[in-house]
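Enquirer: okay, structure incoming, though there's no sequence with it:
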């Protein structure tokens, strides 16, 4: 026998759909407001985001609501899927079930494309990770990478492509899925409205105290900077540490896609409850374990913890500084005549090859050292200049890219002359 108050509690617990709708509307409205000021260009994206943060009225709060709203939406949408699974919606309400799974995939895609748009150090790193995931796909890797980047290297075309996906294609698909679901079944009642309003109020207060992160621009970061993705992608970042080569692409792209397809097909499968519980349980466990491992690992390593704390302080200081409208950053000096690396190397090469050419690791990618490279065939000063112009002509594949659109030939020569002097 079920008591009336138990039915009431259960009804409130099943009101996750209202939270999802409210958060979706929040993302749409804040996204439109941000789009009024944003310019999808590697030369201007960071500056326009900084302008939103420091000049636009309530701009910092609006951006924070959009940033954290994306994370909260992912969590509550997953909880909504779990609630639907627990009530057997994959049998009795197939449209609602399929629409919710499609929304889950689209929201994750929206988060991935939107994370690159601020074009700070975190955004650049996440774009590199996305590039690596696409390039590692079996058979289709090369074409997938070219399509994602809009060319052979990360450029304004890449950023504008991510922007188009984030504000045009993915939202259009989300609207279509929500409309399809609403036409089939409408269960939005007062409980949904109340729970949605409560969650929005909590999000609004949270964003007043916790502004969205904004690190140094992609062109200003140094090799010491430690980029960390948003909390909804920490599980993937941590997982890639343990997966070599193409396994990262399989685990980060192919496996989640297959899992979503199986969940969509669940109404027509046998052993529905077992299969659904296994996928949802494994997914939740993977995200919780890997996210926790990432946070714990950063805090247990004294050097990493110190650097992350320093970065947080620097971001807070930068946030308090007045906005300065400046043209595209230009390097005005070079340390080529001294013992340290030239500014051009620090700006474009240090992140991957280390402050002194010792090599570096970014996520699952190990970048080779440059020390002693002059002893190898085809690595004279002229060769390195040519390599910086066209890496593929020297047998190098992505993530090594051309710098012909970023450095002049004299600047490349300064870098090359410093590299050939590096000795073991």
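Expert: Perfect, thanks for sending it. Given the structure is predicted, the values throughout are model-derived calculations rather than measurements.
Enquirer: and stretch 198-207, which residues are buried?
Expert: Neighbour-count burial for stretch 198-207, counted by 16 or more other CB atoms under 10 Å, picks out 199-200, 203, 207. All C-beta spots, glycine's among them, are computed from the backbone N, C-alpha and C.
Enquirer: oh sorry, the question was meant for stretch 409-424
Expert: Using 16+ other CB under 10 Å as the test for burial, stretch 409-424 gives 411-416, 418-420, 422.
Enquirer: who's in contact with it?
Expert: For stretch 409-424, contacts defined as CB atoms under 8 Å, 6 or more residues apart in numbering pick out 331, 334, 336, 341-342, 344-345, 348-349, 356-357, 370-374, 379-382, 384-385, 388-389, 403, 407.
Enquirer: then stretch 258-274?
Expert: Under the contact criterion CB under 8 Å, 6+ apart, stretch 258-274 has outside partners 81, 90-91, 94, 97-98, 101-102, 104-105, 275-276, 279-280, 283.
Enquirer: again, only using 10 Å
Expert: 81, 85-86, 88-95, 97-102, 104-105, 108, 250, 275-280, 282-283 (CB atoms under 10 Å, 6 or more residues apart in numbering).
Enquirer: also stretch 296-309?
Expert: Contacts for stretch 296-309 (CB under 10 Å, 6+ apart): 224-226, 228, 234, 238, 241.
Enquirer: again, only this time at 8 Å
Expert: For stretch 296-309, contacts defined as CB under 8 Å, 6+ apart pick out 224, 226, 228, 238.
Enquirer: ditto for stretch 39-50
Expert: Here stretch 39-50 makes contact (CB under 8 Å, 6+ apart) with 37-38, 63, 117-120, 154-156, 159-160, 162-163, 214, 217-218, 323, 325-326, 328.
Enquirer: now residue 360: phi and psi?
Expert: Residue 360 adopts backbone torsions of phi -150, psi 170, taken as degrees, to the nearest 10.
Enquirer: can you check residue 120 too?
Expert: The phi/psi pair for residue 120 (degrees, to the nearest 10) reads phi -90, psi -170.
Enquirer: check it and give its pLDDT.
Expert: The per-residue pLDDT reported for residue 120 equals 91.
Enquirer: ok, the nearest residue to it once chain neighbours are set aside - contacts?
Expert: Sequence neighbours aside, residue 215 is the residue nearest to residue 120 in space, at 4.3 Å (criterion: CB to CB, 6 or more residues apart in numbering). Applying CB under 8 Å, 6+ apart to residue 215 gives the contacts 120-122, 221, 225, 227, 311, 315.
Enquirer: name the helices or strands packed onto the helix or strand harbouring residue 82?
Expert: Per DSSP states H and E: residue 82 is located in helix 59-86. When contacts are defined as 3 or more CB pairs under 8 Å, 6 or more residues apart in numbering; DSSP states H and E, helix 59-86 packs onto helix 16-35, helix 45-54, helix 94-114, helix 190-209, helix 272-300.
Enquirer: of all these, which lies closest to residue 74?
Expert: Of all these, the one in closest proximity to residue 74, counting by CB to CB, is helix 94-114 (5.8 Å).
Enquirer: so after the closest one, what's the next helix or strand?
Expert: Next along from helix 94-114, by DSSP H and E: helix 121-135.
Enquirer: tell me the helix or strand right after that next one.
Expert: On the C-terminal side of helix 121-135, the closest following helix or strand by DSSP H and E is helix 141-149.
Enquirer: any idea of the angle the next helix or strand after that next one forms with helix 45-54?
Expert: Next along the chain after helix 141-149, taking DSSP H and E as the criterion, comes helix 156-164. Per axes from the mean of the first three to the mean of the last three CA atoms, to 10 degrees, the angle that helix 156-164 makes with helix 45-54 is 40 degrees.
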